[in-house]
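Participant: build me a model from this:
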Amino acid sequence: MSEQVLMPMIGTDNTENKERAKDSLEKARIAHEKYLLGQRNNDLQEAVEHYVDAVKYDPTIPETYYRLATLMWEQGQISINTAIEQCKTAITLCPSNKDAHLYTGYFMQLAQDYKSAEKEFKSAIAMNPLTSGRPRMILSQSILQKINSQNGSYKDYIGFLYYFLTGSVMLAWDRPTIKMFYKSMTNDVSIFSYNTVGKFLERFKMYDSAEKLYKKALVNTTNSEYFYNRIGDLALKSKDIDTTVECYKKVLEANPLNREILVKLATILQTYYPENTEETIDCYEKLLEFDIDTAQIYYELGHLYMSKNDKLNSVSAFKLAVEREPENPFFNNSLGYAYAKAELYDDAIEHYQKAIAINPDAEWTSIVCQALGSIYAEQKGNVEAAVSTYQAGIILDPNNYDLYIALGDIYMADYDLDKAIKSYCDAITLNPEDFRGYSKVGIALWEKDYLEEALVAYHKAVEIKPENEFAQNNLGILYLDGLSDAEEALEYFEEAIALNPNYTLAYFNAGRASQEMGFTNDAANYYQMAIDLNRLTEELDEDDIQERLHSLFEL
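Facilitator: Coordinates of the predicted model:
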C-alpha cells in the first residue's frame, strides 16, 4: 500500500499563513461535515485537500493531523499504524488536546490494542473530569468490544459498567451525542448477546444452532467481520472447507487488514487447495505489510513458489527468510533445496552444511545428510564426500532406512560390491518388509555371481510387491541368463509387461526368452515392440534389437 504520511513541516510564523491555515481548516470542517451527512466522495476529497492546505500553512495545528488521519485511513491511503502515529503527532503538538487523545485511542482500539487505547481515553477523561461524558462512554464501548473479541476478565466487566454509568450521567444534557452513542451501544450490546449465546451453543457442540444464530446476527448487527469469522470457524470444524474460505473472504471484504484471518485463509488455501497458489501467495504478501513474522512468511512463500516451479522467486523468498533468521536450520535447509533445484549446487551445499551443523533434531538432520550426500554423489561425483555424509546421517539416525539404501547405491556406482551388499543387508535388517532392499541386493549379488542368493532376494522382492515391474523383469533375467530357464523367465517378463505396457526392456527380454524357446513369431513381435518403444525411451541399442530381429529369419 502506498501511504501518504503526515509530518510536521517547517513553516513561517507570519500572520498571513496563520490566517490561510484558519481559513483552510474551516473549509475542511464544512466539507468533512457534508461528507459525514451525505457520504459523498467529492466532499471527502475536498476535506482532505483543505486539511492538507492547513498543515502546509501552519503545521502546528493539532486538529489537522487527527482529522486528516481519519479521512485518509477511511480512503485506504494510510494504515492504522500510520494513523496512530499522526494522532500522536497531534498529542506532541498539544498534549492537553482532549480530542487528540480520543482519536489516538480510537485507532488503537481499531488495531485491537485495547490496553493502549484505554490509556489514551483515560488521559482525555483526566483533562476535564466534570465534562468527560463522551470519553467515558467511548471507553466503555472500547471495553465492551474487548470483551466481545477476547475473553474479558471480571475487571473488564466492572470497568465497562463503571464508565458506562458515569458517562451516561455526564451525557444527560448532550442529546445528539446520546442519540448517536446509544445507537452504537445498542449494536454492541446486540453483538454481545449473540456472541455470548453463540459461544454457549458451541461449548455444548450445538454447531448448527450456533451457525443459525450467527447468521441472524449478520442481519441484525453491523459486525459482519466478527460473525463471518465465527461461521467460518464452525465450518472448518465440520470440514466444510468451501464455506470456511467463503466466510473468511467475507471478513476480509469488511476489513482487508485483519491479520488473523489472512493467516487462517493462507493456511487453509495452502493445506486444502495446493493448486491455488496465486491466491495463497497474495495472502502472504498482504501479511508482509504487517511486518510481523516476516521470516516465516517468506519461508511459506518459498514453498509456494517451489510448488509452481518458480525457482528464481523460491530462492529469493527462502534467502530473505535466512537473512532474517540466519541460524534457523529449516530455513537453511529449504534454501539449500531451492538452490539444488536451480542447479546452483555449491550454494546448496553451503546451506545444507549450515543446517546440518545447527542440528536441531538428529532424525531431521539425517534426512538433510541424505539430500547433501545425493548432491555429492550425483552432481559433484565426489564418492568420498557422499559416503562420509551418508555415514554421518546414519550415526545421527541409525534407523534411517533410506540412508542405508543410498549408501549401498553409492557403493554400487563405485562397483564396491561387498560394501554395497552389506549396506543393503543392513537396510533389510532394519525393515524386512520393504521390497527395495531385496531388489537392490539382488542386483549386487548377481554382479558377484551369487546366483542362488540373488534369486532368493528377488523372489522376496516380488513376494512383498508383486506389482513392481522392475523386480519382475530382473527376476526373469536371473532365470534366463543365470539358469537358462527361458520358460520360467518368460512368465516374469510377461508379468512386467502387463504391469507396464511401455516397459521397453521387458519386451526385449521377452523377445530373447521367446527366441530361446523357438517361438519365432512371438519373439519377432516382442522385438518389434521394443524397437518402437525404444525410439521414444532410447533405453537400448536399436542396432542390437534389429540384429536379433533379423536373425530370427536367417536360414
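
Participant: shaky segments in the stretch 451-555 of the chain?
Facilitator: For the stretch 451-555 of the chain, residues meeting the criterion pLDDT under 70 lie at 555.

Participant: where do the strands of it begin and end?
Facilitator: Counting by DSSP state E, counting those that start in this stretch, no segments of the stretch 451-555 of the chain form strands.

Participant: the chain too?
Facilitator: Read by DSSP state E, the chain holds no strands at all.

Participant: got a list of what residue 387 touches?
Facilitator: By C-beta atoms under 8 Å, 6 or more residues apart in numbering, the contact set of residue 387 is 373, 407, 410, 411. (C-beta placed from N, C-alpha, C; glycine too.)

Participant: please apply the same query to residue 243.
Facilitator: Applying C-beta under 8 Å, 6+ apart, the residues near residue 243 are 231, 232, 235.

Participant: the same query, at a cut-off of 10 Å, please.
Facilitator: Residue 243 makes contact with 211, 231, 232, 234, 235, 236, according to C-beta atoms under 10 Å, 6 or more residues apart in numbering.

Participant: doesn't residue 210 make contact with the fifth one?
Facilitator: No - contact status for residue 235 versus residue 210: not in contact, 11.2 Å apart, counting by C-beta atoms under 10 Å.

Participant: residue ranges with poor pLDDT in the stretch 151-300 of the chain?
Facilitator: If you take pLDDT under 70 as the line, the stretch 151-300 of the chain has these spans: 151-152, 171-185, 187, 222.

Participant: try 90
Facilitator: Along the stretch 151-300 of the chain, segments meeting pLDDT under 90 span 151-196, 199-200, 203-204, 218-226, 251-259, 289-293.

Participant: before we move on, back to that, let me have the contacts of residue 387 in a markdown table, adding neighbour count, distance to residue 299 and pLDDT as columns.
Facilitator: As requested, the contacts of residue 387 are exported to a markdown table (neighbours: other C-beta atoms under 10 Å; distance: C-beta to C-beta, whole Å; pLDDT from 0 to 100):
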| residue | neighbour count | distance to residue 299 | pLDDT |
| --- | --- | --- | --- |
| 373 | 26 | 24 | 97 |
| 407 | 27 | 31 | 97 |
| 410 | 23 | 31 | 96 |
| 411 | 23 | 36 | 96 |
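
Participant: can I get the residues you listed in a markdown table including distance to residue 118?
Facilitator: Formatted as a markdown table, the contacts of residue 387 follow (distance: C-beta to C-beta, whole Å):
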| residue | distance to residue 118 |
| --- | --- |
| 373 | 58 |
| 407 | 63 |
| 410 | 65 |
| 411 | 70 |
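
Participant: for these, which one is nearest residue 426?
Facilitator: Nearest to residue 426 among the contacts of residue 387, counting by C-beta to C-beta, is residue 407 at 8.4 Å.

Participant: which positions in stretch 519-538 come out as buried?
Facilitator: 519, 522, 523, 524, 525, 526, 527, 529, 530, 531, 533, 534 (16 or more other C-beta atoms under 10 Å).

Participant: next, the contact list for the third one, please.
Facilitator: Applying C-beta under 10 Å, 6+ apart, we find residue 523 in contact with 510, 511, 512, 513, 514, 515, 516, 517, 548, 549, 551, 552.

Participant: I figured the third one hits residue 522, correct?
Facilitator: No - the pair residue 512 / residue 522 is not scored as a contact, 11.2 Å apart, by C-beta under 10 Å.

Participant: give me the common contacts of these two.
Facilitator: Among the neighbours of residue 512, those also in contact with residue 522 (C-beta under 10 Å, 6+ apart) are residue 490.

Participant: middle-most residue in the protein, spatially?
Facilitator: residue 300 (4.2 Å; C-alpha atoms, centre = their mean).

Participant: for the closest residue in space to that residue that isn't next to it in sequence, what are its contacts?
Facilitator: Once flanking residues are discounted, residue 300 sits nearest to residue 284: 5.7 Å by C-beta to C-beta, 6 or more residues apart in numbering. Residues counted as contacts of residue 284 (C-beta under 10 Å, 6+ apart) are 262-263, 266, 269-270, 296-301, 304, 317.

Participant: can we see that at 6 Å?
Facilitator: Neighbour list for residue 284: 266, 297, 300, 301 [criterion: C-beta atoms under 6 Å, 6 or more residues apart in numbering].

Participant: contact partners for the last one?
Facilitator: Contact criterion C-beta under 6 Å, 6+ apart gives 284, 317 as the residues in contact with residue 301.

Participant: over to the first one?
Facilitator: With contacts defined as C-beta under 6 Å, 6+ apart, residue 266 is in contact with 280, 283, 284.

Participant: separation between it and residue 280?
Facilitator: According to C-beta to C-beta, to the nearest Å, residue 266 and residue 280 sit 6 Å apart.

Participant: of the buried residues of stretch 519-538, just say which sits nearest to residue 33.
Facilitator: Checking these against residue 33 by C-beta to C-beta gives residue 533 as the nearest, at 81.6 Å.

Participant: ok now do the closest one, which residues does it touch?
Facilitator: Going by C-beta under 6 Å, 6+ apart, residue 533 touches residue 504.

Participant: apply 8 Å and report the result again.
Facilitator: 502, 503, 504, 507.

Participant: mind checking which of those are buried?
Facilitator: Neighbour-count burial (16+ other C-beta under 10 Å) applied to those gives 503, 504, 507.

Participant: what's the closest of these to residue 101?
Facilitator: Of all the buried ones among the contacts of residue 533, residue 101 sits closest to residue 503, with 78.9 Å by C-beta to C-beta.

Participant: now do the phi/psi pair for that closest one.
Facilitator: phi -90, psi 90 (degrees, to the nearest 10).

Participant: now residue 201, nearest residue through space, not along the chain?
Facilitator: Nearest to residue 201 is residue 210, by C-beta to C-beta, 6+ apart, at 3.9 Å.
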